[in-house]
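Novice: Provide a 3D model corresponding to the input given below.
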Amino acid sequence: MSRRSRPLVSAERLKQVLDEGERNPLLLDVRWQLNAPSQRAEYDRAHLPGAQWVEFEEVLTGTPGAGGRHPMPDPEPFERAMRAAGVTDDRPVVIYDQANSLAASRAWWLLKHFGHTDVHVLDGGIDAWVAAGYPVTAQVTPEPEGDFVATPGCTTLLEADHAADLAYRSVLLDARPADRFRGENETIDPVAGHIPGAVSMPALTNVDESGKFLPPDDLALRFTAAGVQPDTEVGVYCGSGVQASHLALALEASGINPRTGVYVGSWSHWITDPERPIEV
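Specialist: Numbering: from 1, shown residues only. Here you go, the predicted model:
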């Protein structure tokens with residue numbers, strides 16, 4: 001693994017790195033499903049050898065409320081949880097979920113935001129690992145306590161006003177499914193619609209049927225068509241900051257290199273103020 005390498009790592013490349021045994025990455029299992037029970041039982045049944053469990057709703061989000069459904073976690077409990085999982089400042093981290101990287105991208109972005117400089121996502125998740133014929137285990141092997149220091153502000157965290165400004169003068173991408181962007185079939189948030197001026201870019205259209213991200217050139221074409229160019233200031237949001245992180249990961253994987261900010265509160269925060277405009 002390399003601090004200068006792309007954010008995604010294939011199952012084949014990860015297996016090679018682990019077999020070589022030099023600068024072995026720490027593996028984090030963050031499997032999660034919205035409105036479903038904890039996936040800890042799936043981890044206990046089978047996970048990548050050496051992988052450490054991280055509970056999404058306890059670690060990768062703050063308390064739901066005025067800040068949205070999945071607001072930013074506070075630095076101190078996030079730091080404690082990462083240290084408990086064995087995260088250190090100088091060891092690469094590879095994060096995975098089941099397949100489509102929604103949960104993994106949230107953990108990836110948070111670790112980057114809090115200062116880790118060598119963090120990656122297993123493209124296609126544990127499903128890709130298993131499909132490649134690599135081993136899984138039920139054995140839990142705890143890591144020594146890590147020394148990770150959470151330093152907020154290492155990526156751009158957008159507030160509502162900044163997101164609205166980007167929609168007006170640059171590019172603001174909405175990562176939710178297109179029907180929710182249009183104000184149709186809204187079954188999660190109490191108000192339907194989108195931030196005026198935003199561009200629809202559903203996060204999960206950037207992965208294939210297996211959950212792996214599209215090739216960088218394909219991603220670049222999609223984002224270029226949405227108005228993203230090198231060094232463009234881009235904002236991303238979704239319903240609660242999870243799919244937005246996935247879009248931020250896709251933007252980095254595309255190689256376009258825009259200046260990306262994430263509005264973590266997203267739509268679930270935007271609609272808490274009735275003065276904010278809504279477009280359908």
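Novice: so where's the stretch 101-250 of the chain shaky on pLDDT?
Specialist: Along the stretch 101-250 of the chain, no part satisfies pLDDT under 70.
Novice: ok, how many other residues are close to Thr61?
Specialist: For Thr61, the number of neighbouring residues by other C-beta atoms under 10 Å comes to 23. Yep, even glycine has a C-beta here, placed from its N, CA and C like the rest.
Novice: how about the helices in this protein?
Specialist: With DSSP state H, the ranges of helices along the chain come out as 11-20, 40-45, 56-59, 75-84, 102-113, 125-131, 160-169, 178-181, 216-225, 243-254, 266-270.
Novice: Walk me through the domains of the chain.
Specialist: 8-131, 156-270 (automatic domain parsing).
Novice: Let me have these in JSON lines, extended by distance to Glu143.
Specialist: Shown next, in JSON lines, are these (distance: least, C-beta to C-beta, whole Å):
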{"stretch": "domain 8-131", "distance to Glu143": "3"}
{"stretch": "domain 156-270", "distance to Glu143": "24"}
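Novice: right, and the ones you listed - which one's nearest Ala150?
Specialist: domain 8-131 (3.8 Å; C-beta to C-beta).
Novice: Spit out the contact partners of the closest residue to Asp44 other than its chain neighbours.
Specialist: Distance criterion C-beta to C-beta, 6 or more residues apart in numbering; nearest residue to Asp44, sequence neighbours excluded, is Ala138 at 6.4 Å. Counting by C-beta atoms under 8 Å, 6 or more residues apart in numbering, Ala138 touches Asp44, Arg45, Ala46, His47.
Novice: go with 7 Å
Specialist: Asp44, Arg45, Ala46 (C-beta atoms under 7 Å, 6 or more residues apart in numbering).
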